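> Following is a predicted model, sequence given first.
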Amino acid sequence: DTEVTQTPKHLVMGMTNKKSLKCEQHMGHRAMYWYKQKAKKPPELMFVYSYEKLSINESVPSRFSPECPNSSLLNLHLHALQPEDSALYLCASSQDQGSSSYEQYFGPGTRLTVT
Amino acid sequence: KNQVEQSPQSLIILEGKNCTLQCNYTVSPFSNLRWYKQDTGRGPVSLTIMTFSENTKSNGRYTATLDADTKQSSLHITASQLSDSASYICVVSAWGGGADGLTFGKGTHLIIQP
């Protein structure tokens, strides 16, 4: 199974709402990632978890809060978002984070719209 | 600064024709280069991954080449199909960089017309 799943597929939320994005993989990967992708732009790295610990936070605003409950799950909690946060949010996983040679497997993404 | 430049930005070709997409990079020290296919609103899917010692790799109708000396790569698509319509992203990895050592190109948006 080389699949990364993400839920929900689409999410519309108001600026005062609290919502969460979920990501799951069962490949035994120990590194998981959140990316943000705007239309016609490449993905931008937000967070990296390695062995369930946050290892990289690319200066992401605190209205985005990641959580890694276990080695298979990754959440992204959203609160008080702005319309400019509307984007495709991609989750990815790889065998490990330390080596640049490990393949990253991406999920299908959650299309987020902030109104 | 590590950079990946892709050309063309967009391309329209007729079904059944071949095409070649280009990727130039200035990432150092180079570890590997990946080509991803991304359908609109979906996550990227890996097509090929090449290290500096590999100069060609195929995946079905997709053939990637790498010239580590000139820091150029190409992705050749043979006998295009409507399902090839997507964005193709070149991603270059730096040694020791881990996940934050990946540099993404802006992609080539390919449209296959019947």
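Cool, the structure landed. On a predicted model such as this, the values are computed, not experimentally measured, just so you know.
> in chain B, what spans have low per-residue confidence?
When residues are selected by pLDDT under 70, those of chain B lie in B:96-100.
> Show me what from chain B comes close to chain A.
Within chain B, the positions adjacent to chain A are B:31-32, B:34, B:36, B:41-46, B:49, B:51, B:89, B:93-102, B:104-107, B:109 by CB under 8 Å from any CB of the partner chain. Every residue, glycine included, has its C-beta placed from N, CA and C.
> mind listing what the nearest residue to B:Ser83 once chain neighbours are set aside touches?
Spatial nearest neighbour of B:Ser83, excluding adjacent residues (CB to CB, 6 or more residues apart in numbering or on different chains): B:Ile112 at 7.9 Å. Residues near B:Ile112 by CB atoms under 8 Å, 6 or more residues apart in numbering or on different chains: B:12-15, B:80-85.
> re the thing from before, buried members of the residues of chain B next to chain A into ChimeraX, please.
Once 16 or more other CB atoms under 10 Å in any protein chain shown is used to decide burial, the buried members of these can be selected in ChimeraX as follows:
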select /B:31,32,34,36,42,43,44,46,49,89,93,94,95,97,98,99,101,102,104,105,106,107,109
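> What about the residues of chain B next to chain A, which are in strands?
The strands, defined by DSSP state E, take in B:31-32, B:34, B:36, B:45-46, B:49, B:51, B:89, B:93-94, B:102, B:104, B:109 from the residues of chain B next to chain A.
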